[in-house]
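Participant: Build the 3D model from these lines:
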Amino acid sequence: MSNELDDLAKALFNGQIPSIWRKLAPDTLKSLGNWMEHFKKRFEQYTVWVNEAEPAVMWLSGLHIPESYLTALVQATCRKNGWPLDRSTLYTQVTQWQSAEEVTETAHQGCFVSGLYLEGAAWDIENCGLIKPKPKQLVQELPVLKVIPIEAHRLKLQNTLSTPVYTTSMRRNAMGVGLVFIADLHTTEHISHWVLQGVCLTLNSD
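Facilitator: Predicted structure coming up:
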């Protein structure tokens, strides 16, 4: 038995993701069982996308490189509207839909995405803003998020927290490894309050 097969057998026995699989999969902290469920959902989303059409709500966690999808969204919008690519950006709006199954329309501008988890705060869906989390509620799934490309000079945001979106809860380092994009979350609290709370979004609930 080769070293690779030996490592594979040990990982499966211990309920861990084998290293040779991990190299070909999106970054994750999941155990083997949870990862298999995640893999199945990823396969289903790709199958629908290939055989039918692009999903009305894209499950970002199911994409191998989610930042590439968002970059392509900006590029396509710039070509359509004749905007300069280097002067365009993204902004986000949290919708009233709690899950992708509730969405009954396609985004006429931008796209809808799901699979984001909020850490360090909670989301008030009635008032559309960040609030303090309940005791022992460390992570909360964010409602469906709308991502909209826009020319940078037209973007005027107020009472908004620029929230980093990371691949996993490890967040990674200051060089940006693991960072997917920046989401805009409305708040009535002072921005510094949420910065001190370490508020962020992640694509995986580990």
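Participant: Going by C-alpha atoms from here, please, whenever you check contacts or count neighbours.
Facilitator: Fine.
Participant: buried residues in the helix with the most length in the chain?
Facilitator: Longest helix of the chain, by residue count under DSSP state H: helix 32-51. Under the neighbour-count criterion of 16 or more other C-alpha atoms under 10 Å, helix 32-51 has Leu32, Trp35, His38, Arg42, Gln45, Tyr46 buried.
Participant: Out of those, which is nearest to Ala56?
Facilitator: The nearest member of those to Ala56, counting by C-alpha to C-alpha, is Gln45 at 11.0 Å.
Participant: re the thing from before, got the contact list for the longest helix of the chain?
Facilitator: Residues from elsewhere that reach helix 32-51, judged by C-alpha atoms under 8 Å, 6 or more residues apart in numbering: Leu12, Gly15, Gln16, Ile17, Glu54, Pro55, Trp59, Gly62, Leu63.
Participant: Just the ones of these in strands?
Facilitator: Among these, the members falling in strands (DSSP state E) are Trp59.
Participant: Which parts of this structure belong to which domain?
Facilitator: 1-53, 60-202 (automatic domain parsing).
Participant: got the residue ranges for the helices in this protein?
Facilitator: In the chain, the segments counted as helices under DSSP H are 3-13, 19-22, 32-51, 66-81, 191-197.
Participant: any chance of the ones you listed in CSV, plus mean pLDDT and distance to Ala121?
Facilitator: Shown next, in CSV, are those (pLDDT from 0 to 100; distance: least, C-alpha to C-alpha, whole Å):
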stretch, mean pLDDT, distance to Ala121
helix 3-13, 84, 35
helix 19-22, 86, 30
helix 32-51, 93, 25
helix 66-81, 93, 23
helix 191-197, 90, 8
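Participant: quick one, which of those is nearest to Thr160?
Facilitator: Of all the helices of the chain, helix 191-197 comes closest under C-alpha to C-alpha, at 7.6 Å.
Participant: Could you list every helix and strand in contact with the closest one?
Facilitator: Packed against helix 191-197 by the contact rule (3 or more C-alpha pairs under 8 Å, 6 or more residues apart in numbering; DSSP states H and E) you find strand 160-166.
Participant: shaky segments in this structure?
Facilitator: Where the chain drops to pLDDT under 70, the residues are 1, 173-177, 205-206.
Participant: quick one: which of the buried residues of helix 32-51 is nearest Ser169?
Facilitator: Sorting the buried residues of helix 32-51 by how near they are to Ser169, with C-alpha to C-alpha, puts Trp35 at the top with 15.3 Å.
Participant: Okay, the closest one and Tyr166: tell me how far apart.
Facilitator: Using C-alpha to C-alpha, to the nearest Å, we find Trp35 at a distance of 18 Å from Tyr166.
Participant: Over to Gln158?
Facilitator: 23 Å.
Participant: More neighbours: those two, which one.
Facilitator: Remark: of Gln158 and Tyr166, Tyr166 carries more neighbours, 23 against 9, as counted by other C-alpha atoms under 10 Å.
Participant: Quick check: that one touching Leu201?
Facilitator: Yes - contact status for Tyr166 versus Leu201: in contact at 6.2 Å, counting by C-alpha atoms under 8 Å.
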